[in-house]
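J.: Sequence unavailable; structure follows:
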């Protein structure tokens, strides 16, 4: 009941110049997205990492998916990034989503505002 493979015989001292390209699932463009504090009272703090230069957009959405505010939208260099966004008088009490989009990848984090 094991896996049976049939391979051609190996020839000694013969090398191959075939190159294999294997995409790894951990080779992500956007990673380590952290949003704090949660619940939020006065300021959203967001940390994220980018593995290569790309365009990044960060938006706040309501529970229905409607855009409330675009916090950030521009090209960034690879590395770790921080964004601090004061919410006083901008968001009423309730639940929201912060969507971070880098290239074709996105991460959505839920936040609770208790101002």
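T.: Done, it's in. On a predicted model such as this, the values are computed, not experimentally measured, just so you know.

J.: Let's test this: what are the backbone torsions at residue 81?
T.: Main-chain torsions, residue 81, degrees, to the nearest 10: phi -130, psi 150.

J.: count of neighbours near it?
T.: Taking other C-beta atoms under 10 Å as the criterion, the count of residues near residue 81 is 17. For glycine as for every other residue, the C-beta is placed from the backbone atoms N, C-alpha and C.

J.: Nearest residue to the middle of the protein?
T.: residue 30 (3.5 Å; C-alpha atoms, centre = their mean).

J.: List the contacts of that residue.
T.: By C-beta atoms under 8 Å, 6 or more residues apart in numbering, residue 30 lies in contact with 48-51, 100-103, 105-107.

J.: how about a cut-off of 10 Å?
T.: Taking C-beta atoms under 10 Å, 6 or more residues apart in numbering, we find residue 30 in contact with 48-51, 54, 56, 100-107.

J.: repeat for residue 81
T.: Taking C-beta under 10 Å, 6+ apart as the criterion, residue 81 is in contact with 46-50, 56, 58, 72, 100, 102.

J.: Can you tell me how far it is from residue 30?
T.: As for residue 81, its distance to residue 30 is 10 Å (criterion: C-beta to C-beta, to the nearest Å).

J.: cool, and residue 38?
T.: To residue 30, residue 38 is 19 Å away according to C-beta to C-beta.

J.: picking up where we left off before, so which of the contacts of residue 81 are in strands?
T.: In this view, the contacts of residue 81 that belong to strands under DSSP state E are 46-50, 56, 58, 72, 100, 102.

J.: Out of the residues you listed, which end up buried?
T.: Neighbour counting over these (16 or more other C-beta atoms under 10 Å) leaves 46, 48-50, 56, 58, 100, 102 as the buried ones.

J.: so the closest residue to residue 48 other than its chain neighbours is in which element?
T.: Using C-beta to C-beta, 6 or more residues apart in numbering and skipping residues adjacent in sequence, the residue nearest residue 48 is residue 33, 4.6 Å away. Assigned by DSSP states H and E, residue 33 falls within strand 30-36.
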